[in-house]
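In: The sequence isn't on hand, but the structure is:
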């Protein structure tokens, strides 16, 4: 298409997005730059500029990307204040979130430099962390249903010098409720519930994430295969989390059965032996080395 119509803006934008999805940020930026240089409607120009800023950030040129994104945020906010259009909510929320993510990454880089060269307090740079938190909040104000901002805000709370785990978990829960594909929020939320031994909640979260990847049927015959010829899920932690809940559940059941046998054997030895025999077949259904056991271990090890 672009060979025949080099000035086709839609095709150029789609090409740039393909490079973004492949994390080829340099080529993506080049294509967005062509769109920016071509000019056009203000909306398209601002969008191209925002994407250039985000590409710079992902290239590691954090300060340059931040400067571009700050200009984009100012432009978008000025446009919204003038026209109050609802269609500006999503772009504003995205731009503020990207600016916050950039500040967070700058703080992380300063933290690494501090650790490598000065061995000072191993905390995220306070000023950058504060900016990131403010800008994530601005993203939420722009669009209260923008899930990524809640995930990032939760990370802010959990990474603070005095972590606020309760607020962090509330943010992760809100992000996951808004968008089940927010995998980072789901993982952190599952860890929080696991630490509190709320295994039913862990199971619910893991199941929803797995269903988003095709579930067990996807593993049995998914189209996305790894080099070994098996389905390659993006969130292997969810499968492991579900396996952990199964282990906890089985341990509880076996402990319950053992308690019944122990309480019965003293007063009715024969009946206790019968109860024990009843549950032996259940425990031997999947002995080590059986095909079913192997299948289970394969799923857990993906």
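Out: Great, that's in hand. Keep in mind the model is a prediction, meaning the values are calculated, not measured. Residues are numbered from 1 along each chain as shown.

In: which residues touch residue 189?
Out: 169, 172, 173, 176, 205 (CB atoms under 8 Å, 6 or more residues apart in numbering). Every residue, glycine included, has its C-beta placed from N, CA and C.

In: Kindly indicate whether residue 160 is helix, strand or coil.
Out: What DSSP: H, G, I helix; E, B strand; the rest coil gives for residue 160 is coil.

In: Would you mind confirming that it is in contact with residue 129?
Out: Yes: contact criterion CB atoms under 8 Å: residue 160 and residue 129 qualify, at 7.3 Å.

In: the more surrounded of those two?
Out: Neighbours per residue (other CB atoms under 10 Å) separate residue 160 from residue 129, with residue 129 holding more: 21 against 17.

In: my read is residue 180 is in a helix, agree?
Out: No: judged by three-state DSSP, residue 180 forms no part of a helix; its state is coil.

In: before we move on, the earlier item: going by distance to residue 99, which of the contacts of residue 189 wins?
Out: Taking CB to CB as the measure, residue 99 lies nearest residue 172 of those, at 21.2 Å.

In: I'd like to know how far the closest one sits from residue 194.
Out: Taking CB to CB, to the nearest Å as the measure, residue 172 falls 13 Å from residue 194.

In: Those two: which has the busier surroundings?
Out: Using other CB under 10 Å as the criterion, residue 172 and residue 194 rank with residue 172 on top: 28 against 17.

In: pLDDT score assigned to the more buried one?
Out: Looking at residue 172, its pLDDT reads 94.

In: And for residue 10?
Out: Each residue has a pLDDT score; the one for residue 10 is 89.

In: how many other residues sit next to it?
Out: 9.

In: That one: which element?
Out: Element membership for residue 10 (DSSP states H and E) is helix 9-21.

In: Which strands or helices does that helix pack on?
Out: Counting contacts by 3 or more CB pairs under 8 Å, 6 or more residues apart in numbering; DSSP states H and E, helix 9-21 packs against helix 25-38, helix 42-58.

In: could the ones you listed be laid out in JSON lines, adding distance to residue 97, mean pLDDT and mean neighbour count?
Out: As requested, those are exported to JSON lines (distance: least, CB to CB, whole Å; pLDDT from 0 to 100; neighbours: other CB atoms under 10 Å):
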{"stretch": "helix 25-38", "distance to residue 97": "18", "mean pLDDT": "95", "mean neighbour count": "18"}
{"stretch": "helix 42-58", "distance to residue 97": "10", "mean pLDDT": "95", "mean neighbour count": "21"}
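
In: Distance to residue 77 for the ones you listed - can I get that in TSV?
Out: Listed next are the helices and strands packed on helix 9-21 as TSV, based on distance: least, CB to CB, whole Å:
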stretch	distance to residue 77
helix 25-38	20
helix 42-58	11
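
In: Report the rounded mean pLDDT for stretch 201-213.
Out: Averaged over stretch 201-213, pLDDT sits at 78.

In: go on, stretch 126-140?
Out: Here stretch 126-140 scores 90 as its mean pLDDT.

In: Any buried residues in it, and which?
Out: By neighbour count with 16 or more other CB atoms under 10 Å, stretch 126-140 contains the buried residues 128, 129, 131, 132, 133, 135, 136, 138, 139, 140.

In: And the contacts of it?
Out: By CB under 8 Å, 6+ apart, stretch 126-140 touches 92-94, 96-97, 99-101, 103-104, 106-107, 110, 146, 148-150, 152-153, 156, 159-161.

In: show me the contacts for residue 99.
Out: 66, 69, 70, 73, 135.

In: Helix or strand for it, just tell me which one.
Out: For residue 99, the host element (DSSP H and E) is helix 89-113.

In: how big is the angle separating that helix from helix 42-58?
Out: Counting by axes from the mean of the first three to the mean of the last three CA atoms, to 10 degrees, helix 89-113 lies at 20 degrees to helix 42-58.
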